[in-house]
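Q: Prediction below, plus the sequence it came from.
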There are 2 protein chains.
Amino acid sequence: MIERLKSRIENQNQETIFGIGDDAAVLQFPPHQQVLFSTDTMVEGIHFDLSYTPLKHLGYKAVVTNISDIAAMNGTPTQIIVSIAVSNRFSIEAIDELYEGMNFACKEYKVDLVGGDTTSSLKGLIVTIAIIGYGSKQEIVYRHSANDKDIICVSGDLGAAYVGLQVLRQEKEVFLVNPDMQPQLTDKNYVVERQLKPEARMDIVLDLKELGVTPTSMIDVSDGLASELLHICTKSNLGATIFEEKLPIGTETLATMASLNLNSTACILNGGEDYELLFTIKQSDFDKIKNHQDISTIGYMNEKSKGVNLISTGGQMLPIEAQGWAHF
Amino acid sequence: MIERLKSRIENQNQETIFGIGDDAAVLQFPPHQQVLFSTDTMVEGIHFDLSYTPLKHLGYKAVVTNISDIAAMNGTPTQIIVSIAVSNRFSIEAIDELYEGMNFACKEYKVDLVGGDTTSSLKGLIVTIAIIGYGSKQEIVYRHSANDKDIICVSGDLGAAYVGLQVLRQEKEVFLVNPDMQPQLTDKNYVVERQLKPEARMDIVLDLKELGVTPTSMIDVSDGLASELLHICTKSNLGATIFEEKLPIGTETLATMASLNLNSTACILNGGEDYELLFTIKQSDFDKIKNHQDISTIGYMNEKSKGVNLISTGGQMLPIEAQGWAHF
């Protein structure tokens, strides 16, 4: 499978000395760079449902979620290794589709697929990707390094991927009741795409570099804003205040939430898979980012003793508590 | 789970700047080093059978098979990331056992566990490990770089892990027929241990460095000698001749093979999981390795047109053909 794949792959990074075809890939990074190393697994029936997830999209998303981890460190992603465990109900053509989606994401983000294996599974499809990236010591941004009074920023808009998932599940139920029914997705394209084909915000990483801003802390929003903000607060030994009215949300997302009777703030705080970047900056850097169309400032860091709070549109102070985002 | 683990882990390598606890681990290698990157997956029911594989051994083996890939590149393994997908039939204590075996291997081989995740699976246990190591451009050894007339060497002895698997399967069958039966393993400890708790030959990598020998090509023997030799031949665009009487095999292994009516040469050629190193050296390096107790010279590389052959003890020339090692 990997050999099949090799013929279709062209390495894009000069950091890739040798890709697929030996016991290990061989990489070489520019001098004085630190190497970033991360992994993400997606399990059928836990992280995705193939009844509404095209395999090509799944491959794309599996790569993107890994790239997002490197983006969250303010690094440059360069190579991935893919491990697929798959039951015999999948055809070679199906696995080809999956790899095609991965290849497409690799091209989009200039990442090289340098190895991996495809094995049998007893049940279902499991995709594990390990990713490598790099950055200088000065560039790399951790979760633990936010400072008191830093401004809290988030890229893009939030809540759409979660709502997209609800739409897909609803359509699946309708389909199960009446298999002749066609899915009613046309006016919900944005939220569905955010769920099925998310993007990693490497553009924001590059924009911040161009603007001369190094975040003081950063994390990607994979499990909902509340959970990620709490990670930054706990690791930085600080609290935070964010404002409900500042939370970025798309018009279509809001309309879909309303039609599904979902509370938009709850979706933003506890919904997941937006893969936007949540980061903090020094107050002195505010002027540099304030005109960026796709970055919202949503609050500020404060002393740990003041806690982690949301100020509601009505002016109430609501404590933000750990709420894992429950997969379906 | 990973946070639980973090409290028990102490990083051993100065190359590990930041381990578990952020979106990615941060590593820094000495200047002018190339980075090695590989992965291996083990699936329950395909690669292992928990009815005779203790979880601690499984964890150990999962790490060792990855380290063996770095050894096969003549590199130094430094960090792993672990992804575990596990069904709810496993207790936290069981997963702890698995991690304990991994930790033990990490300590033995001075490798740092720097991240990973534990997710649910629909069925069974799947362990995927990605490994990073490094070496200088001059040190790293590929499969494709053997030369005509190079001497073919192999470390340790072969066939034991395969025979160990047959012994374990036989004991399982006996147990299934009569659950009161105690396993008769005492005189088969070596072959069983080779199956359940293999080692990566980092000692051979270090010995070769001390002896001033850089192999011209190398691969680890995970799928049987025939398959690995064919890889070196194909990638190096050469043929090879090996001698049956030179194939290294342990006395106990031989006795167990005889008692199971197994042909020893077939076991060595097609059995797997020995994790020994198969490598080629220049003829001028022969004197440096000839007194090494644990390295056997088994043949030589020849022109591609002469093929890949085994000379039997009786003097017959038998072509070696691709025979994947069939997992159970």
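A: That came through fine.
Q: Could you verify that A:L176 is part of a helix?
A: Yes - under DSSP: H, G, I helix; E, B strand; the rest coil, A:L176 sits within a helix.
Q: which residues touch it?
A: Contacts for A:L176 (CB atoms under 8 Å, 6 or more residues apart in numbering or on different chains) come out as none. For glycine as for every other residue, the C-beta is placed from the backbone atoms N, C-alpha and C.
Q: So for it, what's the pLDDT?
A: pLDDT for A:L176: 77.
Q: Same check on A:Q170?
A: 88.
Q: So A:N270 is in contact with A:A226, correct?
A: Yes - taking CB atoms under 8 Å as the definition, A:N270 is a contact partner of A:A226 at 6.0 Å.
Q: In terms of neighbours, single out the busier of those two.
A: A:A226 (24 against 19; other CB atoms under 10 Å in any protein chain shown).
Q: That one in helix, strand or coil?
A: A:A226 ends up helix, using three-state DSSP.
Q: Not counting sequence-adjacent ones, nearest residue to it?
A: A:L269 (4.1 Å; CB to CB, 6 or more residues apart in numbering or on different chains).
Q: okay, that neighbour: pLDDT?
A: We note a pLDDT of 94 for A:L269 in this prediction.
Q: Same question for A:V141.
A: The model reports A:V141 with a pLDDT of 98.
Q: re the thing from before, give me the three-state assignment for the residue nearest to A:A226.
A: Per three-state DSSP, A:L269 ends up helix.
Q: likewise A:L277?
A: Three-state call for A:L277 (three-state DSSP): strand.
Q: how many other residues sit next to it?
A: A:L277 - counted by other CB under 10 Å - has 27 other residues nearby.
Q: Distance check, it against A:I70.
A: For A:L277, the distance to A:I70 equals 11 Å [CB to CB, to the nearest Å].
Q: Tell me who's in contact with A:P77.
A: So, once contact is read as CB under 8 Å, 6+ apart, A:P77 ends up touching A:L36, A:N66, A:I67, A:I70, A:A71, A:Y109, A:V111, A:I131, A:I132, A:G133, A:A200, A:M202.
Q: List the buried residues for the helix or strand harbouring A:K107?
A: If you go by DSSP states H and E, A:K107 is part of helix A:92-108. Under the neighbour-count criterion of 16 or more other CB atoms under 10 Å in any protein chain shown, helix A:92-108 has A:I95, A:D96, A:E97, A:L98, A:Y99, A:E100, A:G101, A:M102, A:N103, A:F104, A:A105, A:C106 buried.
Q: re the thing from before, settle this for me: the residue nearest to A:A226 is touching A:L225, isn't it.
A: Yes - using CB under 8 Å, A:L269 is in contact with A:L225, at 5.2 Å.
Q: and A:H47, how far is that from A:T65?
A: 9 Å.
Q: ok, the two, which is more surrounded?
A: A:T65 (24 against 21).
Q: Now for the more buried one: which residues touch it?
A: A:D40, A:M42, A:P198, A:A200, A:S222, A:Y275.
Q: Which pLDDT value belongs to the residue nearest the centre of chain A?
A: In chain A, the C-alpha closest to the average C-alpha coordinate belongs to A:Y275, at a distance of 2.7 Å (CA atoms, centre = their mean). Looking at A:Y275, its pLDDT reads 97.
Q: Helix or strand for A:V163, just tell me which one.
A: Using DSSP H and E, the secondary-structure element containing A:V163 is helix A:160-177.
Q: Take whatever helix or strand comes next after that helix, keep the C-alpha atoms, and write them as PDB.
A: Per DSSP H and E, helix A:160-177 leads on to helix A:189-196 as the next helix or strand towards the C-terminus. C-alpha atoms of helix A:189-196 as PDB (Å, rounded to 0.1, in the frame of the first residue of the first chain):
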ATOM      1  CA  ASN A 189     -22.800  24.200   3.500                       C
ATOM      2  CA  TYR A 190     -20.600  26.200   5.700                       C
ATOM      3  CA  VAL A 191     -21.200  24.400   9.000                       C
ATOM      4  CA  VAL A 192     -21.100  21.000   7.300                       C
ATOM      5  CA  GLU A 193     -17.800  21.800   5.600                       C
ATOM      6  CA  ARG A 194     -16.300  23.000   8.900                       C
ATOM      7  CA  GLN A 195     -17.100  19.600  10.300                       C
ATOM      8  CA  LEU A 196     -16.100  17.500   7.400                       C
END
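Q: got the angle for helix A:189-196 vs helix A:160-177?
A: Between the axis of helix A:189-196 and that of helix A:160-177 there is an angle of 90 degrees, by axes from the mean of the first three to the mean of the last three CA atoms, to 10 degrees.
Q: list the helices and strands helix A:189-196 packs on?
A: helix A:160-177, helix A:251-259 (3 or more CB pairs under 8 Å, 6 or more residues apart in numbering or on different chains; DSSP states H and E).
Q: To B:F175, which of the ones you listed lies closest?
A: Of all these, helix A:160-177 sits nearest to B:F175, with 44.2 Å by CB to CB.
Q: can you pull out the helices in chain A?
A: Ranges of helices in chain A, per DSSP state H, are A:2-6, A:55-71, A:92-108, A:160-177, A:189-196, A:202-211, A:225-236, A:251-259, A:264-270, A:286-289.
Q: Quick one, which of those helices gets closest to A:I152.
A: Evaluated over the helices of chain A, closeness to A:I152 peaks at helix A:225-236, with 7.4 Å, by CB to CB.
Q: May I have that closest one exported as CSV, CA atoms only?
A: Output in CSV follows, covering the C-alpha atoms of helix A:225-236 (Å, rounded to 0.1, in the frame of the first residue of the first chain):
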residue,chain,number,x,y,z
LEU,A,225,-13.1,27.1,23.8
ALA,A,226,-13.7,26.5,27.5
SER,A,227,-11.5,23.4,27.7
GLU,A,228,-8.7,25.1,25.8
LEU,A,229,-8.8,28.4,27.8
LEU,A,230,-8.7,26.3,31.0
HIS,A,231,-5.5,24.5,29.6
ILE,A,232,-3.8,27.9,29.1
CYS,A,233,-4.9,29.1,32.5
THR,A,234,-3.9,26.0,34.4
LYS,A,235,-0.5,25.7,32.7
SER,A,236,0.2,29.4,33.0
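Q: Just the buried positions in it, please.
A: Counting neighbours by 16+ other CB under 10 Å, one finds that the buried residues in helix A:225-236 are A:L225, A:A226, A:S227, A:E228, A:L229, A:L230, A:H231, A:I232, A:C233, A:K235, A:S236.
Q: what do you get for stretch A:249-264?
A: Within stretch A:249-264, the residues that count as buried by 16+ other CB under 10 Å are A:I249, A:G250, A:E252, A:T253, A:L254, A:T256, A:M257, A:L262, A:S264.
Q: confidence score at A:F328?
A: Looking at A:F328, its pLDDT is 31.
Q: residues in contact with the nearest residue to A:G19 once chain neighbours are set aside?
A: Spatially, and ignoring its direct neighbours in sequence, A:G19 is nearest to A:V114 (4.1 Å; CB to CB, 6+ apart). Each residue near A:V114 by CB under 8 Å, 6+ apart is listed here: A:N11, A:T16, A:F18, A:G19, A:I20, A:A25, A:L27, A:Q79, A:I80, A:I81, B:F37.
Q: hmm, 7 Å instead?
A: Shown in contact with A:V114 (CB atoms under 7 Å, 6 or more residues apart in numbering or on different chains): A:T16, A:G19, A:I20, A:A25, A:Q79, A:I81, B:F37.
Q: Name the spans of chain A whose pLDDT lies under the cut-off.
A: In the predicted model, chain A carries pLDDT under 70 at residues A:1-3, A:5-6, A:181-187, A:323-328.
Q: the domain parsing of it - what is it?
A: A:2-136, A:151-319 (automatic domain parsing).
Q: any idea which of those is most buried?
A: Highest mean neighbour count among these (mean count of other CB atoms under 10 Å in any protein chain shown): domain A:2-136, with a mean of 21.
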